[in-house]
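**Q** one predicted model, sequence on top.
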Amino acid sequence: MTDYIAPRGTRDILPDETPRWQYVEQKFRETCGLFDYREIRTPTFEHTELFTRNLGETTDVVSKEMYTFETRGNKSLTLRPEGTAPAIRAYVQHNLGASLPVVKMYYIGRLFRYERPQAGRYREHTQLGIEAVGSQDPAIDAEIISLAVQFFKSVGIEKFELKLNSIGCPNCRPNYRKALVEYAADKVADLCPSCATRYEQNPMRMLDCKDPGCKAILAEAPKMTDYLDEECAEHFAKVQEYLTSLGISFVLDSNLVRGFDYYTKTAFEFVSGELGAQNAIGGGGRYDNMVHEIGAQPTPAMGFGLGLDRLMLTLDAMGVELPVDASPAVFLATIGPEAHQAAIKLLANLRRQGIAADMDYTGRSLKAQMKLVDKIGAKYAAIIGEDEINTQTASLRNMKTSEQKTIPWSELAEVLRSA
RNA sequence: GCGGGAGUAGCUCAGUUGGUUAGAGCGCCAGGUUGUGGCCCUGGAGGCCGUGGGUUCGAGUCCCAUUUCUCGCCCCA
């Protein structure tokens, strides 16, 4: 055993598992394509200020979970802890809004957060995300949510809960915040320590505290949805209306508060009962002010992110079988050095003609090679020994039916292609 | 940052009140007549028993520390 192991909170996805990941990623790409979202790839790290200024100074991510380091030139960089700010930074930097009314992007990227690992939580994880920039139409909110739903279903996840809320905007949220603070003012002493801090710094975060005491105290607290201004209320009603018309069921959750400060209006989260304590499989919301804060003219936007690692865990827990098969079509099993030499050339020909093929490179017996064919799951074994060399053929064995036919080398690719 | 559980072969795990050369199943490798996989049989390789210290005539087993993994809290995907 080596002393070198993957750093805490990171892990290897081994060759046996990667086909499942690739399959899910492919489904995501296809779904995004159906909704006309295009891929954007942004750097793994960004200037630290992008995150500190846009996610909120008091959020956990910014205050204690970022992987931040200094360059030789004393600039502070940070491994991206989330995907939205970088995507919007790119949108603004390249003025993407100038050429399209609504810019619809998706990304598949690794995110980094320095947290204590546990089930479904890693220090490096993969997130699939989408962002739509340029529309305040509640139909875009519904589109993004329905893209997520369609994607979940495409990989076999039917059971999940969609939680929905509106957290208002800078116009109406202060009123609610004030009402909440007034409600909690004489109860601070009874709240848990972290809620006492939240009361000071970010009162709305008290709403999703899991402490039973806090829950009881806040059960009677005023609700954001009762304080929405006319525009936000109408937007929220429309989102619900559209979702309903799309046949997407949801539950309103007035305690749903997203982790970053940039959200406005719509907030939503998908939770899976198949996961442990970390049961949020994806979530997102509207962030109508970020584009402006990053430096472009005010432009509404809406996005969604989902944790691929947690999605894979959910699939495992649900026992979903994905139709993946990474096995080659044929394995050349050879007897003796002459056959080995002939197979090298034959193998290259097959591959050039688009037939996935492999052969033995360890000098094993035919029997051992056949075992190997079985193990790697190749559909056919092409056996080449002295007889076959003399006749320029291969004994093509169907590993499932055990049928065996003599095929000339020149016809091998064609036979395999039509098999 | 704080709590609970666990580190014995590649994997999943046994290992009796501390007592000789540390085990099983699976996997791996080689055989079971000539050039043929799955099932079966036989044999083999592979372990500083996480690491360091301590108690003891003797430690995989007891004590301490440390480290890693794991589950949970905070929070999030």
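**A** In hand now; what should we look at? Just so it is clear, the model here is predicted, and its values are computed rather than measured. Numbering: from 1, shown residues only, chains lettered A, B, ... in the order given.
**Q** contact partners for the nearest residue to A:E220 once chain neighbours are set aside?
**A** Using CB to CB, 6 or more residues apart in numbering and skipping the chain neighbours, the partner closest in space to A:E220 is A:Y183 (7.8 Å). C-beta coordinates here come from the backbone N, C-alpha and C atoms, glycine included. A:Y183 sits next to A:220-222 when contact means CB atoms under 8 Å, 6 or more residues apart in numbering.
**Q** and with 10 Å instead?
**A** A:Y183 is in contact with A:203, A:217-218, A:220-222, counting by CB atoms under 10 Å, 6 or more residues apart in numbering.
**Q** and the residues you listed, which two are furthest apart?
**A** A:P203 and A:E220 (15.2 Å; CB to CB).
**Q** higher neighbour count, the two?
**A** When A:P203 and A:E220 are compared for neighbours, A:P203 comes out ahead with 19 against 8, by other CB atoms under 10 Å.
**Q** where's the more buried one relative to RNA strand B, distance?
**A** Going from A:P203 to RNA strand B by CB to the nearest atom of the strand, to the nearest Å gives 12 Å.
**Q** one more: A:L34?
**A** From A:L34 to RNA strand B the distance is 22 Å (CB to the nearest atom of the strand).
**Q** name the helix or strand for the closest residue to A:E131 other than its chain neighbours, please.
**A** Excluding the flanking residues, the one nearest A:E131 by CB to CB, 6+ apart is A:G303, at 4.0 Å. Using DSSP states H and E, A:G303 falls within strand A:301-307.
**Q** right, and the helix or strand after that strand?
**A** Counting by DSSP H and E, what follows strand A:301-307 is helix A:308-318.
**Q** hey, C-alpha coordinates of the next helix-or-strand element following that next one in PDB?
**A** Later in the chain than helix A:308-318, the nearest helix or strand by DSSP H and E is strand A:330-334. The C-alpha trace of strand A:330-334 is given here as PDB (Å, rounded to 0.1, in the frame of the first residue of the first chain):
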ATOM      1  CA  VAL A 330     -14.400  -8.300 -30.300                       C
ATOM      2  CA  PHE A 331     -11.300  -9.600 -28.600                       C
ATOM      3  CA  LEU A 332      -8.600 -11.300 -30.600                       C
ATOM      4  CA  ALA A 333      -7.400 -14.500 -28.900                       C
ATOM      5  CA  THR A 334      -4.200 -15.800 -30.300                       C
END
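**Q** which secondary structure elements does strand A:330-334 contact?
**A** Judged by 3 or more CB pairs under 10 Å, 6 or more residues apart in numbering; DSSP states H and E, strand A:330-334 is in contact with helix A:337-352, strand A:357-359, helix A:366-376, strand A:380-384, strand A:393-398, helix A:409-418.
**Q** let's see that with 7 Å instead.
**A** helix A:337-352, strand A:357-359, helix A:366-376, strand A:380-384 (3 or more CB pairs under 7 Å, 6 or more residues apart in numbering; DSSP states H and E).
**Q** partners of the second one in the sheet?
**A** Pointing back at strand A:357-359 there. strand A:330-334 (parallel) (DSSP bridges).
**Q** I figured A:I389 was touching A:Q341, is that so?
**A** No. If you go by CB atoms under 7 Å, A:I389 and A:Q341 don't touch, sitting 9.4 Å apart.
**Q** between these two, which one's more packed in?
**A** A:I389 (18 against 12).
**Q** residue contacts, A:T59?
**A** A:259-261 (CB atoms under 7 Å, 6 or more residues apart in numbering).
**Q** how close does it sit to RNA strand B?
**A** 6 Å.
**Q** tell me the pLDDT of that residue.
**A** For A:T59, the pLDDT comes out at 87.
**Q** give me the distance from stretch A:6-14 to the chain's centre.
**A** 17 Å (CA atoms, centre = their mean, to the nearest Å).
**Q** also stretch A:188-195?
**A** Distance, centroid of stretch A:188-195 to centroid of chain: 35 Å (CA atoms, centre = their mean).
**Q** what number of residues lie near A:S146?
**A** 17.
**Q** over to A:Y23?
**A** The burial count for A:Y23: 16, using other CB under 10 Å.
**Q** pretty sure it sits against A:D325.
**A** No. Checked against CB under 7 Å, the pair A:Y23 and A:D325 is beyond contact range at 9.9 Å.
**Q** so when I look at A:F152, I'm seeing a helix, right?
**A** Yes. Secondary structure of A:F152 (DSSP: H, G, I helix; E, B strand; the rest coil): part of a helix.
**Q** contacts only, for the closest residue to it other than its chain neighbours.
**A** Leaving out its chain neighbours, the residue that sits closest to A:F152 by CB to CB, 6+ apart is A:F160, at 6.2 Å. Neighbouring residues of A:F160 by CB under 7 Å, 6+ apart: A:152, A:270-272, A:281.
**Q** give me the lowest-pLDDT entry from the residues you listed.
**A** A:S272 (85).
**Q** residues in contact with that residue?
**A** By CB under 7 Å, 6+ apart, the contact set of A:S272 is A:160, A:279, A:281, A:314.
**Q** same deal with A:A119?
**A** A:276-278.
**Q** ok, and of these, which contact RNA strand B?
**A** By CB under 7 Å from any atom of the strand, the members of the contacts of A:A119 lying near RNA strand B are A:276-278.
**Q** most surrounded residue in the residues you listed?
**A** A:Q278 (17 neighbours).
**Q** excluding sequence neighbours, find me the nearest residue to it.
**A** Leaving out its chain neighbours, the residue that sits closest to A:Q278 by CB to CB, 6+ apart is A:G120, at 3.8 Å.
**Q** hang on, the one you found packs against A:I281?
**A** No. A:G120 is not in contact with A:I281 according to CB under 7 Å; the separation is 8.9 Å.
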